[in-house]
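K.L.:
Need a 3D model of the following:
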Amino acid sequence: MGSVILQYCLKRKWILLLLTFAFIGGVLVMTTGHEWGDDFALYLSQAFALIKGNTQELAQYNTWSMQHSDGTLGPYLYPPGYPLFLSIYLKFLPFNWLGIKIFQWLFYILGIVAFYKLLQNCQYKLPPIAILFLVMLAIMHPKYIQFADRLMSDLWFIVTVFLFFYFLYSKEYSNVKRILFVGIALILASLTRVNGFLLLGSWLIKIVLDQNDKKLKFQEFLAFIPFTLLVFYIKNVDSKYEANHLDILSSISVESCIENLRGYLSELLNFPHSSFTKILPAFAFNFVTILLGIGVILCFIYAIKSKEPLFYFAPVVFWIVVNFAIVVIWPIMQGTRYLLPIVPFFFWIVLVGFQNYLQQSRFQFFVNKIYFLLIALIFLQFAATVVMFGFIESRNDVIGQTQNDIYLKIRETVNDDDVIAFDKPRWLHLVTNKRVIRKSVDSTFFNSQAKYLLHKKNSIYGGRPKYINDQRLDSVYSNRDFILYKRNDLKSK
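P.N.:
Here you go, the predicted structure:
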């Protein structure tokens, strides 16, 4: 038994070494806290609520908080898939920042294994060194490894997408098992992100274009129907907590779409070497983007230029194109994170086209050198990210001596019926169990029902420290980083 395991590992030594490096790197960038943000706090709140059975109570509170806050913080509740994933850990182990992050990172590495198997079993074979590069891109690139330190739905969602496409293309299982696994991955993706239901389109395209005999196609279509109904039921349940998304969609404009298209296209085309191109002067950055962009897009088109590969990759192409269109149309620019579920698949097709072109050209002897260069670029970015965030710069903003001190003071000072204004209301509610909203002290705060104001001396968003000088506010407590104010203009009311 031991010799069999040893032989198995020796045959896959490079991928196992890569995953080991990625795991260690991910652990090194983890902190015993989190960067400022509010999304992770609601995910954790929902996970705890699932365990306690009070999700409806949380939904009512968060709806109230958001309706009384400035701006749009997000949906009233996130889809339950990621909180459900976190609750698996929280059900059996006490909350621990490193523990829950390692738990998440291990699952992402397992998802990467599914992506690796998908590439290995692809009908259009890539050389091992190309597969190694794609796996490195999806786990060691700075944009991915930084999420090892974040409790966000991104990594878990990508795992569900990897599993979906692995089972969709797999030849290792019987048709019944494969369909069941595809359906389960689809449900998990749909429970995790709003756009997870788009995988229905990929599945339907695969059924329609598959060259299997008609009996197997009909069986798969019959199974597709109940899974489709279940996904739409999930979407219907979630929709009542996503009503404030309509407010965001109402601000769509041609200008925002053009600006998003330019930004996201630049991010996508520069993705493998993004840490290097961003330090270039503007003219050099634009030149590299245009030059490499043309090559990347041509390789993508070359891979699917004929009927057979187009039909084979059609489910993946649908996933890439529709998701890219959605992030371009969405009026709020979210940066690279919304591209992460499509990046590995996009460059998979690009490398298939690149490989096909080189096999018919005189430059085939350059192939390994090009791949070694690409792998070196990824590894250098990976090492720089681990050194930066693991040893030089901590991204833990929410846990520390002054933070814990102010949280304790709020729990002791503020009554349960009182309302506090703070820029990150969902996080402050999670750690204090007080009623919190977001209000601007310059405009809407004094017209709100907030009785207290928590002010961070150094702005959460960077920039110069901002001081508050208003006679309607009395300082209740302060430390090096925070001041808790109480309104005095409410006394006569």
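K.L.:
Determine the longest helix present in the protein.
P.N.:
helix 214-239 (DSSP state H).
K.L.:
pLDDT of that helix, averaged?
P.N.:
Across helix 214-239, pLDDT averages out at 87.
K.L.:
which strands and helices sit next to it?
P.N.:
helix 175-192, helix 199-209 (3 or more C-beta pairs under 8 Å, 6 or more residues apart in numbering; DSSP states H and E). In short, each C-beta sits where N, CA and C put it, glycine included.
K.L.:
residues contacting residue 62?
P.N.:
Taking C-beta atoms under 8 Å, 6 or more residues apart in numbering as the criterion, residue 62 is in contact with 42, 45, 76-77, 426.
K.L.:
pLDDT and distance to residue 368 for these - can I get that in CSV?
P.N.:
Below are those laid out as CSV (pLDDT from 0 to 100; distance: C-beta to C-beta, whole Å):
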residue, pLDDT, distance to residue 368
42, 96, 47
45, 97, 50
76, 88, 52
77, 90, 50
426, 95, 50
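K.L.:
ok, of the residues you listed, which one's closest to residue 484?
P.N.:
residue 426 (18.4 Å; C-beta to C-beta).
K.L.:
and residue 366, how many neighbours?
P.N.:
12 (other C-beta atoms under 10 Å).
K.L.:
Reduced to three states, what does it come out as?
P.N.:
helix (DSSP: H, G, I helix; E, B strand; the rest coil).
K.L.:
Leaving aside the residues adjacent along the chain, what's closest to it?
P.N.:
Of all residues not flanking residue 366 in the chain, residue 358 sits nearest, at 7.7 Å (C-beta to C-beta, 6 or more residues apart in numbering).
K.L.:
quick one on the thing from earlier: may I see the buried residues of the longest helix of the chain?
P.N.:
Neighbour-count burial for helix 214-239, with 16 or more other C-beta atoms under 10 Å as criterion, is recorded at 217, 220, 223-224, 227-228, 231, 234, 238.
K.L.:
Would you reformat these as JSON lines and include distance to residue 196?
P.N.:
Shown next, in JSON lines, are those (distance: C-beta to C-beta, whole Å):
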{"residue": "217", "distance to residue 196": "24"}
{"residue": "220", "distance to residue 196": "20"}
{"residue": "223", "distance to residue 196": "18"}
{"residue": "224", "distance to residue 196": "16"}
{"residue": "227", "distance to residue 196": "12"}
{"residue": "228", "distance to residue 196": "13"}
{"residue": "231", "distance to residue 196": "8"}
{"residue": "234", "distance to residue 196": "9"}
{"residue": "238", "distance to residue 196": "10"}
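K.L.:
Out of these, flag the one nearest to residue 171.
P.N.:
Set against residue 171, the nearest of the buried residues of helix 214-239 by C-beta to C-beta is residue 220 (14.1 Å).
K.L.:
Please tell me I have it right and the closest one contacts residue 180.
P.N.:
No - Residue 220 is beyond contact range of residue 180, at 10.9 Å (criterion: C-beta atoms under 8 Å).
K.L.:
ok, the residue nearest to the spatial centre of the chain - contacts?
P.N.:
What sits nearest the mean C-alpha location of the chain, by C-alpha atoms, centre = their mean, is residue 154, with 2.1 Å. With contact set as C-beta under 8 Å, 6+ apart, residue 154 has these partners: 147, 337, 340-341.
K.L.:
Poorly predicted segments of the protein, please.
P.N.:
Within the chain, the segments meeting pLDDT under 70 span 1-11, 239-251, 277-284, 361-365, 462-465, 491-493.
K.L.:
Could you chop it up by domain?
P.N.:
Per automatic domain parsing, the domain ranges recorded for the chain read 2-30+104-390, 401-487.
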